[in-house]
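Chemist: Make a model of this:
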Amino acid sequence: MTPGRRGWTITLLMAVALAACGSDASRAAWLHGTWTLAFNPAHDSEDVLTFRPDGKIEIRTADARRIDGIYHLEDRALLLRLEGRNGTIDAQFEVSPDHTRLTYPSGAYYTKQDAP
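Modeler: Residues are numbered from 1 along each chain as shown. Got it, this is the predicted structure:
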């Protein structure tokens, strides 16, 4: 398979997996709600993530931008597909075994905000 084809194949497979997110998203009650950045070694963002039972995510940035997308859980991997200003952005977090942290590859992590 050529590099171009492989990229399209991976994108297609991820799109199919994310399209099925409604079923696992609705069962992930521990994830639903707002998650705030608790640790960021790069000190480069202050995003707030909100996960909904319908498989959608909303990100609010420190400069008041809003980024929408969808999510999919796969074991301890949380896959995001976001619609950014310059196109689609794929991101992945590792879910802690006790479901209390979402860790980005940079080491930054989010914790769930208590409900009011």
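
Chemist: which residue ranges form the strands in the chain?
Modeler: 33-39, 48-51, 56-60, 66-74, 77-84, 87-95, 102-103, 109-112 (DSSP state E).

Chemist: what about those, which gets the closest to Arg27?
Modeler: Proximity to Arg27 (C-beta to C-beta) singles out strand 66-74 among those, at 8.5 Å. Where you see a C-beta, it was placed from the backbone N, CA and C, and this is true even at glycine.

Chemist: Which neighbouring elements make contact with that closest one?
Modeler: helix 3-19, helix 21-27, strand 56-60, strand 77-84, strand 87-95 (3 or more C-beta pairs under 8 Å, 6 or more residues apart in numbering; DSSP states H and E).

Chemist: where among these is the average confidence lowest?
Modeler: With a mean of 47, helix 3-19 has the lowest mean pLDDT of the helices and strands packed on strand 66-74.

Chemist: which residue sits closest to the residue nearest the centre of the chain, ignoring its sequence neighbours?
Modeler: Among the residues of the chain, the one closest to the centroid is Leu80, at 3.7 Å (C-alpha atoms, centre = their mean). Leaving aside its chain neighbours, Leu80 sits nearest to Ala91 (4.4 Å; criterion: C-beta to C-beta, 6 or more residues apart in numbering).

Chemist: need the contact list for that neighbour.
Modeler: Residues near Ala91 by C-beta atoms under 8 Å, 6 or more residues apart in numbering: Leu79, Leu80, Leu82, Tyr104.

Chemist: Which residue is the nearest non-sequential neighbour of Phe51?
Modeler: Per C-beta to C-beta, 6+ apart, closest to Phe51 is Leu31, 4.9 Å.

Chemist: Count the neighbours of the one you found for me.
Modeler: Leu31: 21 surrounding residues under other C-beta atoms under 10 Å.

Chemist: I'd say it and Leu80 touch.
Modeler: No - using C-beta atoms under 8 Å, Leu31 is not in contact with Leu80; the gap is 11.7 Å.
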